[in-house]
Structures are given as C-alpha cells and as structure tokens.
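>>> Sequence plus predicted model, see below.
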Amino acid sequence: MAKKSESPRTLRITLVRSAIGYSVRHKATVRALGLHRLHQTVEHVDTPALRGMLSKVNHLVVIEEQVVE
C-alpha cells in the first residue's frame, strides 16, 4: 500500500510556448491542464497521470515543484 505523505506536493505549471503548429493531442493536453493563454499559471496536485500529461507537452510548459504545508 502506498504511504500517505504528510503534505501533498503540488506542481505549478506555466504555459510558455503556444500549441499552434503542434498536434491536436498536444493542444488537447494543454487545454486539459487548464491552460488557455500564454504565461498563465495553474497549480495541480502531483499525480502519475499529471506527470504523464506533462511529459507529452514538456516543450510547451515550465514546471515548478512546491510543497504545500
């Protein structure tokens, strides 16, 4: 069984490059992350599914790790 961490880790994700010119799947992934315009920042709890999404569009976003206390 997975251990429960005391404080969940969150990721701050910022869109720094446009998805124009990339595949429809990349555009859909950026939209599913909640990003609509350049330099917009969103925060999500770090999960394996989120990490998979970020690996697909890592050339379009900047990722910062944070620990919520």
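Looks like it came in fine. These figures come from a predicted structure and were not determined experimentally. Residues are numbered from 1 along each chain as shown.
>>> Who are the packing partners of the least confident helix or strand in the chain by mean pLDDT?
Least confident helix or strand, the chain: strand 61-67 with a mean of 91, by mean pLDDT, DSSP states H and E. Where contact means 3 or more CB pairs under 8 Å, 6 or more residues apart in numbering; DSSP states H and E, strand 61-67 is packed against strand 9-15. For glycine as for every other residue, the C-beta is placed from the backbone atoms N, C-alpha and C.
>>> Compute the inter-axis angle for the strand it packs on and strand 61-67.
160 degrees (axes from the mean of the first three to the mean of the last three CA atoms, to 10 degrees).
>>> Start from the N-terminal end of the protein and give the helices.
Counting by DSSP state H, the chain has helices at residues 24-32, 48-56.
>>> Can you list the neighbours in contact with stretch 61-69?
7-17, 30, 33, 35, 43, 46, 54 (CB atoms under 8 Å, 6 or more residues apart in numbering).
>>> go on, stretch 36-46?
Here stretch 36-46 has contacts from 8-18, 33-35, 50, 65-66, using CB under 8 Å, 6+ apart.
>>> now with 10 Å?
5, 8-19, 30, 33-35, 50, 53-54, 60-68 (CB atoms under 10 Å, 6 or more residues apart in numbering).
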